[in-house]
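Engineer: Below are the sequence and a predicted model for it; my questions follow.
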Amino acid sequence: MKFSFTFIILFVFIITNKLFLFNEEFLILLSFISFCFVIYEQLGKIFNSRFESKIVSFKNSFLLSIDSISEKLNVKKKLNVTIIESNKSFNLLKNYYLNFSTKFLNEFIIYLNNKEKINFSNKLICLHRLETEYFKLIVLLLFKKIKIINLLTNFFGNNLQLKRFQTLNLINKLIIIKKI
């Protein structure tokens, strides 16, 4: 109020001393300046409070948007950390699987070799048994054939009186006598 009062006094002083010429442009300028001054004096506080509320709302809006961006960045950071950890976990799992599979395959090969050796040894044992049984069979067959030949020699030597068979019988009797 004090400023407006001094302004009015100064304005009246300028007009009364005829320091300015009052033409149309100057009057329009004075009207505009006085309008701006009156608006500033009368509505300045309202505009100021309005601008302050807008500033506060913009400030709050910016703070909220910065907070939401910060939260989203934190979420993305956590997601990136979990992705990195999952990559590490997958790499560890991959290494474990590779180690496990190589160890399993090595053990499986050893198992198959052992099983093959066992099967081979079992087959060798069966073959050995078969060989001994076959040898026994051959020996029995030979004894049977020798017995039949002996019986035939005795039959031909005793019953048919062939000299050759009689000589063989005699030789056989001599061999038996020598053994006794």
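Structural biologist: Yep, that arrived. Everything quoted here is computed from the prediction, not taken from an experiment. Residues are numbered from 1 along each chain as shown.
Engineer: Tell me which other helices or strands the helix or strand hosting residue 32 touches.
Structural biologist: Assigned by DSSP states H and E, residue 32 belongs to helix 24-158. Applying 3 or more CB pairs under 8 Å, 6 or more residues apart in numbering; DSSP states H and E, we find helix 24-158 packed against helix 2-16, helix 163-179. Where C-beta positions appear, they are placed from N, C-alpha and C, glycine not excepted.
Engineer: The ones you listed: which one's closest to residue 132?
Structural biologist: Minimum separation from residue 132 across the helices and strands packed on helix 24-158 (CB to CB) falls at helix 163-179, 28.8 Å.
Engineer: average model confidence for the closest one?
Structural biologist: For helix 163-179, the mean per-residue pLDDT is 69.
Engineer: got it, and stretch 77-89?
Structural biologist: Rounded mean pLDDT across stretch 77-89 is 90.
Engineer: ditto for stretch 44-60
Structural biologist: 88.
Engineer: Check the offset of that stretch from the chain's centre.
Structural biologist: How far stretch 44-60 lies from its chain's middle: 57 Å, per CA atoms, centre = their mean, to the nearest Å.
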